[in-house]
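Chemist: Below are the sequence and a predicted model for it; my questions follow.
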Amino acid sequence: MRANFTVFFAFAGLLFFSPVAHAQAENVEKSQHEQAHHEDGHNTDTHDEASGEKDIKGIIKETIQHHLADSYEFHVTDGIGFPLPVILVDGGLKVFMSSEFHHGSIAEVDGNYYKEYHGKIYKTDALGSLSYDHNHHPTNHKPLDFSITKNVFVILVMAIFMFFLFRGVAKTYQTGLAPKKAGRFLEPIIIYVRDEIAIPNIGEKHYKKYMSYLLTVFFFIWFLNLVGMTPLGVNVTGNIAITFSLALMTFIITQVSGKKDYWMHIFWMPGVPVLIRPALAIIELIGLVVKPFSLMIRLYANMLAGHVVLMSIIGLIFIFESWIAAPAFLGLTVVLSLLELLVAALQAYIFTMLTALYFGSAVEEHAHH
Amino acid sequence: MEIPEIVGAGLIVIGAGIGIGRIGGSAMEAIARQPEATAKIQTAMLIAAALIEGIGFAALFAK
């Protein structure tokens, strides 16, 4: 029992201080880079107070952007991390490890050269030269990119973890109805999703069909949100491509399970004057797309905003550079991290709840007037 | 005179803020009147707040 508590507190502590550790490590690394750069350039003497301040702001901004973006390697902090495979389709499958991009070098596969520039892979020549348009975007050919990036890697690991976790929980019920092991923690949550989310919104009659999807979405979003709070520095649910896929799945399931009444309420709304019906149909058709769109934006923006706020407050420590500011902002980060833990669960709940609501509207059978 | 688009985003966020504030206030009044219905009121409150929040975020990102 006592050991359990120790582990719990260690884990909780880890969660709270993760953004701090992450930001600090990255900042130190970045400032070292900057310093080295300045010494190389022999321009240290031209730097005055103002540009020094601007530099630290630039570093913080860069650190935050780097944290929010996906990357080709799993980088935790200086020296801790590993490369991930890059998979390109460019006249055949090209596979190599992302470590070949290290220090801006060019990766070579079967006589083709690739270079990473601002998080995108471009095809180049042996010297790695890029040509730019007037907006300073490279005009080189971009091969189709199916790489196992950091986000993809985390999703795969999470999928395997969830599979074994829930498989194990399901197995313990074969020997008796009392929950065991992880089931003791998960059973109330699963029951909550069923009794408070699925049944009131979808209805007794149809809810069973959708339980697997609702539970998967709920735990997937919740766990990934929590992983985003660890020192691993991943930001999966704050990536619009991932929330787009989740919203797309909700959209497709809603349309596929739409019954006669659902389509009738979209195209030929009963109970209103006939002249208004076509106008309502246009509005309903727009609403069809707006619903999953708002699901996508909500989850993405909430997680993104949470990460940005936390890291910006950490960044303020380096701007103020005072012994009073540092503990104050650290305390603020702890409080906001607690809030983020709540948001992590709340966003998973809201996504599942609205998904269930849309499913409910699709399978609803209205009493005929 | 041209109004910068960020002003529009700001106006939408103010509107969303007022909206969520009113939802929270009304939910609190409702809970004070009928504490036994807390769970139901909270659920309805969260859904309404989430819908408005979505508009707020959309405005911020569309800016």
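Modeler: Thanks, I have it. Please read these numbers as outputs of a predicted model, since none were measured by experiment.
Chemist: Give the buried residues for the helix or strand hosting A:Val217.
Modeler: Per DSSP states H and E, A:Val217 falls inside helix A:207-227. Buried residues in helix A:207-227, counted by 16 or more other Cβ atoms under 10 Å in any protein chain shown: A:207, A:210-211, A:213-215, A:217-227. No exception for glycine: its C-beta is placed from N, CA and C like everyone else's.
Chemist: Quick check: what element follows that helix along the chain?
Modeler: Counting by DSSP H and E, the element that comes right after helix A:207-227 along the chain is helix A:240-256.
Chemist: Name the residues linked to A:Glu108 by a beta bridge.
Modeler: A:Tyr113 (DSSP bridges).
Chemist: Could you tell me how many residues sit around it?
Modeler: Applying other Cβ atoms under 10 Å in any protein chain shown, we find 12 residues neighbouring A:Glu108.
Chemist: what do you get for A:Glu204?
Modeler: So A:Glu204, with other Cβ under 10 Å, has 9 neighbours.
Chemist: A:His66 too?
Modeler: A:His66 - counted by other Cβ under 10 Å - has 14 other residues nearby.
Chemist: Check which helices and strands the helix or strand in which it is found is in contact with.
Modeler: Secondary structure assignment for A:His66, by DSSP H and E: helix A:49-68. Packing contacts for helix A:49-68, counted by 3 or more Cβ pairs under 8 Å, 6 or more residues apart in numbering or on different chains; DSSP states H and E, involve helix A:2-41, helix A:277-320.
Chemist: need the least confident one among the ones you listed, by mean pLDDT.
Modeler: Ranked by mean pLDDT, the helices and strands packed on helix A:49-68 end with helix A:2-41 in last place, scoring a mean of 45.
Chemist: now A:Ala326: how far from chain B?
Modeler: 30 Å (Cβ to the nearest Cβ, to the nearest Å).
Chemist: for that residue, what are its contacts?
Modeler: A:Ile317, A:Phe320 (Cβ atoms under 8 Å, 6 or more residues apart in numbering or on different chains).
Chemist: to the chain's geometric centre, what's the distance from the host helix or strand of it?
Modeler: Assigned by DSSP H and E, A:Ala326 belongs to helix A:325-363. Its chain's average C-alpha position is 13 Å from that of helix A:325-363, according to Cα atoms, centre = their mean, to the nearest Å.
Chemist: relative to helix A:277-320, how tilted is that helix?
Modeler: 170 degrees (axes from the mean of the first three to the mean of the last three Cα atoms, to 10 degrees).
Chemist: Could you give me the buried positions within helix A:325-363?
Modeler: Buried positions in helix A:325-363, judged by neighbour count with 16+ other Cβ under 10 Å: A:329, A:332-333, A:336-337, A:340-341, A:343-344, A:346-363.
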